[in-house]
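**Q** sequence and computational prediction follow.
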Amino acid sequence: MASIARSPHSTRANPSWYVQYREADGQKRTRKLDGARTETEARKRLREIETRVAAGLPGMLQDEPKPVVPVGTLVTTSIETWSHTLTNRNAVTDGQQVRKHLVKSPALTVALEDFGLGTVKAYVAELAASKMSGGSQRRMFTYLGRWCSWAVGEELIAGNPCRDLPWKQRPVYDRGDPTAKPWVEDDATLARLMGALPYPLDLALWLGNRTGLRLGETFGLRLSDLTGLHDKQPTIRVARSFAGPMKESKHGEWRVKYVPAPSDTAKVLGKLIAARKAVGGPDSLLFVPETTAGRSTNDDWAGFLPHTINALWRQVQATTGFKGTWKDATRHSFATRNIMAGVSVSAVSHALGHASVTTTERNYAHVIKYVAPAELHAPGEVRRLEAQKPADTHARDRAPVRRLAKR
């Protein structure tokens, strides 16, 4: 009989669950359920394990014997296999991009045993000759490095040659001119953008503009993440990006951050929260499509899909004339507005969830230099003092000595 249990080291910020079950051959196993944050998710994983064991398969994929890869297998074939095993927060999009570009790359059409640093250099040269932007080239190179790490773990290759490539030879991401990036400069512009969006996307835009949440963080919010809105200093708990972990989560460990929220957030979102509570529990999503159009066909995700939001945003751009992206209207506008209002860069960095204030300083250096305190721009000229004659240190020695009269 399989069962689940919560780890004694589990915390509210980093919950962890374990499962105990018997394999088809009777062997007892205890495994950690990576990615399971709630009891509902843990029980779902438990049912998947029971189904696999009933079919005579190992309960978890990690216990399956590694298949023997024939000699001469192409790197592109292995990359395509890897693309279907992705489980990160952007697994679907990443898999599509990998199969569209890396799998069709002539430079990577080599046997696994011939793969090495020379192959990586040839692929980088292929990217440089393409019409991809610097950011896209860098992303493709990152995908190749991730496959290399996976292939090393699967004992398909001996090492990761992407790490051996010097930094100067890797694709460069050009951020462009940061001063030309549009942002929402006033509430009238924000109201115009909200008016061009259907409900509840208008409220999602408002929330992102007022808190600096990323796109996935906004649409990954659950009702249980909003309990801090009624505190003296309202906060929003952020733990997900859409259905997966947020960006700061690494190595299977889910991170949690608490974002400051405006004092009227509970009032602005009040009707939406009440409507969502009426049909679901604390794990229910805050933002879901009102119609089936744009809703995921996946039973595990009832929220908005990224490509649906991007398609609607293109319509907003055409209607309002705003040339910025959703990120420009929300996260970028939040940071720019607060820095220009005099909020310290360290406070803005904390609200954005940056790992280091250096990241914020680098991304918003063009804003910071225009809002330096007036004291730093005070006149700097120093008036020299007039030269003075040096004091006569020997004057006392030459003064007449007054002798006391003898009595």
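**A** In hand now; what should we look at?
**Q** which residues of the stretch 301-407 of the chain fall in helices?
**A** Assigned by DSSP state H, counting those that start in this stretch, the stretch 301-407 of the chain shows helices spanning 306-320, 326-327, 333-340, 345-352, 357-363, 365-368, 395-398.
**Q** out of the ones you listed, which is closest to residue 22?
**A** Closest to residue 22 of those is helix 306-320 (Cβ to Cβ; 40.3 Å). In short, each C-beta sits where N, CA and C put it, glycine included.
**Q** distance of the closest residue to residue 172 other than its chain neighbours from residue 118?
**A** Among residues not flanking residue 172 along the chain, residue 134 sits closest, at 5.3 Å (Cβ to Cβ, 6 or more residues apart in numbering). The gap separating residue 134 from residue 118 is 23 Å, by Cβ to Cβ, to the nearest Å.
**Q** compare neighbour counts for the two and give me the winner.
**A** For residue 134 versus residue 118, the count of surrounding residues by other Cβ atoms under 10 Å is larger for residue 134: 15 against 12.
**Q** model confidence score at that one, please.
**A** Per-residue confidence at residue 134 stands at 86 (pLDDT).
**Q** next, give phi and psi for it.
**A** phi -60, psi -40 (degrees, to the nearest 10).
**Q** that one contacts residue 141, correct?
**A** No. Using Cβ atoms under 8 Å, residue 134 makes no contact with residue 141, being 10.6 Å away.
**Q** intersection of neighbour lists for these two?
**A** Contact with both residue 134 and residue 141 is made by residues residue 171, according to Cβ atoms under 8 Å, 6 or more residues apart in numbering.
**Q** can you get me a residue count around the residue nearest to residue 3 when sequence neighbours are not counted?
**A** For residue 3, ignoring the flanking residues on the chain, the nearest one in space by Cβ to Cβ, 6+ apart is residue 20 at 5.4 Å. Counted by other Cβ under 10 Å, the residues lying close to residue 20 total 14.
**Q** surely residue 20 forms part of a strand?
**A** Yes. The assignment for residue 20 by DSSP: H, G, I helix; E, B strand; the rest coil puts it in a strand.
**Q** isn't it right up against residue 2?
**A** Yes. Counting by Cβ under 8 Å, residue 20 does reach residue 2; the two are 6.6 Å apart.
**Q** sorry, back to before: can I get the helices of the stretch 301-407 of the chain in a markdown table with distance to residue 279, mean pLDDT and mean neighbour count?
**A** Output for the helices of the stretch 301-407 of the chain, formatted as a markdown table (distance: least, Cβ to Cβ, whole Å; pLDDT from 0 to 100; neighbours: other Cβ atoms under 10 Å):
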| stretch | distance to residue 279 | mean pLDDT | mean neighbour count |
| --- | --- | --- | --- |
| helix 306-320 | 21 | 94 | 15 |
| helix 326-327 | 26 | 95 | 18 |
| helix 333-340 | 30 | 92 | 20 |
| helix 345-352 | 31 | 92 | 19 |
| helix 357-363 | 39 | 90 | 15 |
| helix 365-368 | 42 | 83 | 15 |
| helix 395-398 | 97 | 52 | 7 |
